[in-house]
Each structure stands twice: as C-alpha cells, then as structure tokens.
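Asks: this is a predicted model, with the sequence first.
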Amino acid sequence: MTKDEKSKPAIYIPPDDPLGIDTDKDFSVEARRIARDALEGCHEEAVQVEVQATLRRWGMKPKAELIDKATEILDRAPDVGPDSGDELRRR
C-alpha cells in the first residue's frame with residue numbers, strides 16, 4: 001500500500017436476528033410483532049438455536065441429547081413382555 005492509498009475501514013454487519021427488536025422502530029410495535037410471530041410459530045429454527053444456546057450456558061443438556069440418551073437406554077433393555085405385576089388390576 002502506498003502513502004496515497006488509505007486502508008478502508010472494516011464494516012461490521014450484524015447477522016440477521018429475527019428474534020431481535022429493531023431499536024429504530026417503536027418498541028410497542030416491535031413487541032407486538034414478536035408476540036404475533038411467537039403465536040404463529042414463526043422463526044422456529046431461530047428459537048431453537050436460542051434455546052440450545054441458553055441450555056448450554058446453564059450447563060443443561062439440550063432436549064435432543066436427553067431423548068437420544070433415553071432411547072439408547074431403552075435400546076439396551078431386554079425385549080420382554082410385561083410382568084403381571086406391571087398391570088393395573090381392576091376390582
């Protein structure tokens with residue numbers, strides 16, 4: 001780079017956050033949008049990413065890992081019929 005050439009400043013563009021609030025807009029409008037999106041099930045993938053990140057921060061296992069672990073335990077159990085003691089008896 002020569003003296004006459006100046007380096008261009010780095011531009012930071014934050015990633016799209018469908019769950020975030022646009023601070024340039026009216027807060028009440030944004031809160032209603034977020035509530036409406038939640039009720040309609042919008043942005044499910046983004047919600048799951050947030051939930052998984054929160055569980056990791058809290059030191060908790062994500063639900064999918066718990067289901068996988070439970071399935072693994074059940075797969076190891078012997079395949080037997082129910083014992084008579086396992087059934088509810090009617091009087």
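Replies: Cool, got the structure. The model shown is predicted, which means the values in this text are computed figures rather than measured ones.
Asks: show me where the protein has helices.
Replies: 27-40, 44-57, 63-76 (DSSP state H).
Asks: any idea which of these gets closest to Pro14?
Replies: helix 44-57 (13.9 Å; CB to CB). For glycine as for every other residue, the C-beta is placed from the backbone atoms N, C-alpha and C.
Asks: please identify the buried residues of that closest one?
Replies: Judged by neighbour count (16 or more other CB atoms under 10 Å), helix 44-57 contains no buried residues.
Asks: stretch 18-37 now?
Replies: For stretch 18-37, the neighbour count (16+ other CB under 10 Å) marks Ile34, Asp37 as buried.
Asks: now do that stretch: everything it contacts.
Replies: For stretch 18-37, contacts defined as CB atoms under 8 Å, 6 or more residues apart in numbering pick out Cys42, His43, Ala46, Val47, Glu50.
Asks: just for the protein, where's the confidence low?
Replies: Applying pLDDT under 70 to the chain flags residues 1-4, 79-91.
Asks: go again using 90 as the cut-off
Replies: The model of the chain has pLDDT under 90 over residues 1-24, 27, 30-91.
Asks: on that earlier part again, closest to Ala77 out of the contacts of stretch 18-37?
Replies: Looking across the contacts of stretch 18-37 and measuring by CB to CB, the closest to Ala77 is Val47, at 33.5 Å.
Asks: list the residues that contact that closest one.
Replies: Contact partners of Val47, counting by CB under 8 Å, 6+ apart, are Leu19.
Asks: can I get the helices of the chain in TSV with distance to Glu5?
Replies: Below are the helices of the chain laid out as TSV (distance: least, CB to CB, whole Å):
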stretch	distance to Glu5
helix 27-40	42
helix 44-57	41
helix 63-76	51
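Asks: so which of those helices is nearest Asp17?
Replies: helix 44-57 (7.6 Å).
Asks: dump the closest one to PDB, keeping only the CA atoms.
Replies: Extracted C-alpha coordinates of helix 44-57, given in PDB (Å, rounded to 0.1, in the frame of the first residue of the first chain):
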ATOM      1  CA  GLU A  44     -38.900 -21.800  14.900                       C
ATOM      2  CA  GLU A  45     -35.300 -22.600  13.800                       C
ATOM      3  CA  ALA A  46     -34.000 -19.300  15.300                       C
ATOM      4  CA  VAL A  47     -36.000 -20.000  18.500                       C
ATOM      5  CA  GLN A  48     -34.400 -23.500  18.800                       C
ATOM      6  CA  VAL A  49     -30.900 -22.000  18.300                       C
ATOM      7  CA  GLU A  50     -31.600 -19.600  21.200                       C
ATOM      8  CA  VAL A  51     -33.000 -22.300  23.400                       C
ATOM      9  CA  GLN A  52     -30.000 -24.600  22.700                       C
ATOM     10  CA  ALA A  53     -27.500 -21.800  23.500                       C
ATOM     11  CA  THR A  54     -29.300 -20.900  26.700                       C
ATOM     12  CA  LEU A  55     -29.300 -24.500  27.900                       C
ATOM     13  CA  ARG A  56     -25.600 -24.800  27.100                       C
ATOM     14  CA  ARG A  57     -24.900 -21.500  29.100                       C
END
